[in-house]
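[1] Just the structure for this:
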Amino acid sequence: MADTIKTSVDLSGEDIHWDPADGLSYGRYLQLDAITSAQNPLTDEHDEMMFIIIHQASELWMKLCLHELSAAIELVQTDQLRPAMKMLARVARIQEQLTQSWAVLATMTPSDYLRFRDKLGHSSGFQSWQYRCLEYRLGNKNAKMARVFESEPEAKSHVMDALNAPSLYDETLRFAARQGHALPASITDRDWASPYVPSEPVEALWRAVYLDTETHWELYEFAEKLVDLEQKFQQWRFNHMKTVERIIGFRRGTGGSGGVSYLVKALELRLFPELWTVRTAL
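    Now for the predicted structure:
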């Protein structure tokens with residue numbers, strides 16, 4: 001942006017001018033008018049503005065996660081693991097930003113939230129199509145969770161595309177098979193919309209990789225990127241659960257879910273299961 005904005009600054013740094021004739025400005029480039037006018041609280045309660053902005057910002061971060069993750073999956077499909085690793089590392093760092101956002105939301109007390117909670121109706125984070133796509137692309141394939149988008153054709157299209165496509169882990173295993181590792185067709189050519197089922201051949205693959213890292217360095221390094229990514233994702237989930245518990249206790253969620261009880265159960269899910277179980281088998 002520094003190259004696109006014409007400025008004149010005196011020695012004190014206080015006199016800054018922009019020449020409108022130059023066209024593009026910071027605000028126009030980032031479409032700040034649209035972004036900063038997108039907060040429309042339903043009440044006059046002070047904390048509702050923070051509640052809206054936290055969730056809007058999270059959606060923007062998830063958009064970037066999907067951008068990076070989709071590109072990384074395409075690179076793995078063409079056996080380009082090294083540039084994909086950079087993208088996965090970036091997704092993990094974005095997850096840290098998402099995790100930190102719960103600390104801001106946690107400054108809202110139960111009484112603060114209850115002042116406007118009823119106005120939210122049945123709206124819920126379960127209705128975030130970007131989050132659902134993110135989970136599907138990472139491998140948590142639960143077709144039932146796509147039903148909430150039946151009344152939103154465009155969102156449903158994105159979600160179903162993610163559900164029916166190979167996940168990041170699926171493509172990782174297909175890459176391993178192309179490198180000569182023995183994996184059955186039931187793993188490399190399965191129904192991508194079905195939940196992944198851990199298997200002995202896949203754990204044996206990772207055991208071989210971890211016991212001979214010099215020979216399998218690229219796949220070993222990629223595996224560690226996956227572990228890092230899942231750890232950050234689980235930290236985000238944990239902080240989400242604790243923030244919800246802090247604010248609403250064990251009340252049901254606005255969308256009808258079990259609230260904290262559902263989030264606790266979600267912590268048990270593994271995206272790349274054999275990468276965790278192999279640690280015990282080494």
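
[2] burial count for residue 204?
    16 (other C-beta atoms under 10 Å). Backbone N, C-alpha and C define where each C-beta goes, glycine included.

[3] Kindly report the same for the one 4 residues further on.
    Other residues lying near residue 208 total 16 when counted by other C-beta under 10 Å.

[4] I'd assumed residue 219 was in contact with it.
    No: with contact defined as C-beta atoms under 8 Å, residue 208 and residue 219 do not form a contacting pair (9.5 Å).

[5] And the pLDDT for residue 23?
    pLDDT, residue 23: 78.

[6] show me what contacts it?
    Contacts for residue 23 (C-beta atoms under 8 Å, 6 or more residues apart in numbering) come out as none.

[7] I'd like to know how far it sits from residue 29.
    10 Å (C-beta to C-beta, to the nearest Å).

[8] next one: residue 71
    23 Å.

[9] mind listing what residue 195 touches?
    140, 141, 142.

[10] Tell me the one among those nearest to residue 234.
    residue 140 (11.6 Å; C-beta to C-beta).

[11] which secondary structure elements does the helix or strand harbouring residue 176 contact?
    Per DSSP states H and E: residue 176 is located in helix 168-178. If contacts are counted by 3 or more C-beta pairs under 8 Å, 6 or more residues apart in numbering; DSSP states H and E, helix 168-178 sits against helix 46-77, helix 129-138, helix 185-188, helix 200-211, helix 217-248.

[12] sec struct for residue 194, please.
    coil (DSSP: H, G, I helix; E, B strand; the rest coil).

[13] Can you report how many residues lie near it?
    Using other C-beta under 10 Å: residue 194 sits among 11 other residues.

[14] State the distance from it to residue 65.
    Using C-beta to C-beta, we find residue 194 at a distance of 23 Å from residue 65.

[15] Is residue 56 in contact with residue 38, as I believe?
    Yes: using C-beta under 8 Å, residue 56 is in contact with residue 38, at 6.6 Å.

[16] List the buried residues for stretch 225-239?
    By neighbour count with 16 or more other C-beta atoms under 10 Å, stretch 225-239 contains the buried residues 225-230, 232-239.

[17] So which of those residues is the closest to residue 177?
    For the buried residues of stretch 225-239, the nearest to residue 177 is residue 226 (16.3 Å; C-beta to C-beta).
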